[in-house]
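# With the input below, show me the fold.
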Amino acid sequence: MKKLLMVAAFSAAFSASAWACEAPQNKPEIPDPSTAVTAQMVKSNNLVREYVQAKEAYLNCARLSNAELRRQESALKAFADEFNQAIREFRSVNG
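I've put the predicted structure just below:
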């Protein structure tokens with residue numbers, strides 16, 4: 001009985017960690033800062049934060065090669081920088 005419980009516990013642990021280590025697929029679009037309204041930018045900000053957190057969690061658990069990890073981190077940083085630039089442009093247009 002104890003062996004069965006241990007097997008079930010290990011199976012649950014492995015399946016939970018494997019499920020948690022999936023790359024996020026829902027990369028949000030960044031609205032055009034010259035035409036976006038505040039509500040769009042706030043929603044986009046929330047979506048971008050969620051995406052970045054999910055991607056960081058994935059990169060922390062994924063077993064990627066060092067080169068692939070650096071490439072993924074660079075792409076994530078570029079995406080975050082692109083969004084930050086859009087925020088700056090939105091603020092300059094909308095005061």
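
# So what's the residue count around the residue nearest to Leu69 when sequence neighbours are not counted?
Leaving aside its sequence neighbours, Leu69 sits nearest to Leu59 (C-beta to C-beta, 6 or more residues apart in numbering; 6.4 Å). Every residue, glycine included, has its C-beta placed from N, CA and C. Residues near Leu59, counting by other C-beta atoms under 10 Å, number 16.

# Kindly report the same for Asn66.
Residues within reach of Asn66, counting by other C-beta under 10 Å, total 7.

# now do Glu82
Counted with other C-beta under 10 Å, the neighbours of Glu82 add up to 11.

# list the helices and strands the strand or helix carrying it packs on?
With secondary structure defined by DSSP states H and E, Glu82 is part of helix 66-94. Contact partners of helix 66-94 among helices and strands, from 3 or more C-beta pairs under 8 Å, 6 or more residues apart in numbering; DSSP states H and E: helix 38-61.

# Between helix 66-94 and the helix it packs on, find me the angle.
Orientation check (axes from the mean of the first three to the mean of the last three C-alpha atoms, to 10 degrees): helix 38-61 against helix 66-94 gives 170 degrees.

# low-confidence ranges in the chain?
Where the chain drops to pLDDT under 70, the residues are 1-20.

# Relative to Ala23, how far out is the residue nearest to Leu69?
Between Leu59 and Ala23 the distance is 9 Å, computed by C-beta to C-beta, to the nearest Å.
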